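Asker: Could you work out the structure for the sequence below:
(one chain, ligands or ions: 1)
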Amino acid sequence: MKFSRKFKRKKLLSHKKTFMKEFRRSMKEFKAKVVCSQCGRPPHEGEKIDNWGIKQESENLDLLCLDCYVPAGDTNNEI
Ligand SMILES: [Zn+2]
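Answerer: Model prediction:
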């Protein structure tokens, strides 16, 4: 019993590894394709897309680069 449990765990671990590898790969591909929906520029070298804004009025996930994105707090602080 001990053996099979260990085996199961090992299998699970390798599945997790594969999943993470796939996940990182697709994230990388996604980030490589990302451009600003306003000025159309891709992120600068080393710039983090996580800091980019999301166009609120759009139904798609339109990203705005740091140059185009104006935080909502500048016009109103309702949120
Ligand atoms: Zn932009």
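Asker: Can you name the residues that contact the nearest residue to residue 34 once chain neighbours are set aside?
Answerer: In space, and not counting its chain neighbours, residue 34 is closest to residue 49: 5.6 Å by C-beta to C-beta, 6 or more residues apart in numbering. The way it works is simple: take the backbone N, C-alpha and C, and place the C-beta from them, glycine included. Going by C-beta atoms under 8 Å, 6 or more residues apart in numbering, residue 49 touches 31, 34, 43, 63.
Asker: Tell me where the model's unsure across this protein.
Answerer: Flagging of the chain using pLDDT under 70 yields the residue ranges 1-3, 71-79.
Asker: That one against the ion: which residues are in contact?
Answerer: 36, 38-39, 65, 67-68 (C-beta under 5 Å from the ion).
Asker: let's go with 6 Å and repeat that
Answerer: Contact residues, the chain versus the ion (C-beta under 6 Å from the ion): 36, 38-39, 41, 64-65, 67-68.
Asker: Tell me which two in those residues are the farthest apart.
Answerer: Spatial extent of the residues of the chain next to the ion (C-beta to C-beta) is set by the pair 41 and 64 at 10.7 Å.
Asker: which one of those two has more residues nearby?
Answerer: A direct count of neighbours by other C-beta atoms under 10 Å for residue 41 and residue 64 places residue 64 higher, at 18 against 11.
Asker: how about the nearest residue to that one once chain neighbours are set aside, what does it touch?
Answerer: Nearest residue to residue 64 in three dimensions, chain neighbours excluded: residue 53, at 4.3 Å (C-beta to C-beta, 6+ apart). Going by C-beta under 8 Å, 6+ apart, residue 53 touches 63-64, 66, 68-71.
Asker: When you filter the residues of the chain next to the ion down to buried only, what's left?
Answerer: By neighbour count, with 16 or more other C-beta atoms under 10 Å, the residues of the chain next to the ion hold 36, 64-65, 68 as buried.
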